[in-house]
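> Structure for this input, please:
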Amino acid sequence: MKIINATPEDKEELLSLYHAMIGGPCEWSENYPDENTIAFDLKNEDLFVMKNDKKEIVATISIDHDDAVEALTCWRADLAPSGELSRLCVRKDMQGQGIAKTMMNYACDVLKSRGMKGVHILVREGHVVALSTYAKIGFETVGECDLFDKHFVCMERGF
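Now for the predicted structure:
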């Protein structure tokens with residue numbers, strides 16, 4: 001399997017992957033993530049996909065840019081500048097194989113190469129699998145917040 005930058009040709013497959021997660025712990029919907037989210041991530045070259053040998057997308061992750069998230073006061077000042085990761089998604093039949101960890105580490109390497117000192121992520125409260133996975137790869141809980149009409153755990157790690 002190979003991780004590469006997503007392309008506009010990946011849009012429909014990405015939407016299908018995102019929509020397959022509706023009803024899960026992330027509380028995604030038909031409206032988020034959507035085509036506009038994908039277009040924003042593509043424009044900034046911040047959307048990455050893992051493809052199998054059949055060229056099917058099995059996972060995706062984005063580097064996000066959200067002023068509301070950046071403005072949270074829980075982030076460690078000594079890790080500034082930091083990047084934000086978002087929309088990590090692993091195809092249901094591929095979960096439990098370490099793919100989320102691989103995607104997170106890849107995106108962290110991209111952020112590090114861009115001069116970032118750390119990374120943070122918002123995780124839906126109650127998303128036990130994600131919270132456990134991120135803790136295992138060095139993320140620490142630094143606070144909680146309410147954004148986008150949802151409650152999140154704020155996690156962060158340095159490089």
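> Need the residue closest to the centroid of the chain.
In the chain, the residue lying closest to the centroid (Cα atoms, centre = their mean) is S86, at 2.7 Å.
> beta partners for that one?
For S86, the residues forming beta bridges with it (DSSP bridges) are S62.
> contacting residues around it?
Going by Cβ atoms under 8 Å, 6 or more residues apart in numbering, S86 touches I61, S62, I63, D64, D66, I121, L122. No exception for glycine: its C-beta is placed from N, CA and C like everyone else's.
> do T141 as well
If you count contacts by Cβ under 8 Å, 6+ apart, T141 has them with L131, A135, V153, C154, M155.
> Show me where this structure has its strands.
Taking DSSP state E as the criterion, the chain contains strands spanning 2-5, 47-51, 57-64, 82-90, 118-124, 140-147, 150-158.
> In JSON lines, list these along with distance to N31 and mean pLDDT.
Output for these, formatted as JSON lines (distance: least, Cβ to Cβ, whole Å; pLDDT from 0 to 100):
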{"stretch": "strand 2-5", "distance to N31": "25", "mean pLDDT": "98"}
{"stretch": "strand 47-51", "distance to N31": "18", "mean pLDDT": "98"}
{"stretch": "strand 57-64", "distance to N31": "17", "mean pLDDT": "97"}
{"stretch": "strand 82-90", "distance to N31": "14", "mean pLDDT": "97"}
{"stretch": "strand 118-124", "distance to N31": "16", "mean pLDDT": "97"}
{"stretch": "strand 140-147", "distance to N31": "16", "mean pLDDT": "97"}
{"stretch": "strand 150-158", "distance to N31": "13", "mean pLDDT": "97"}
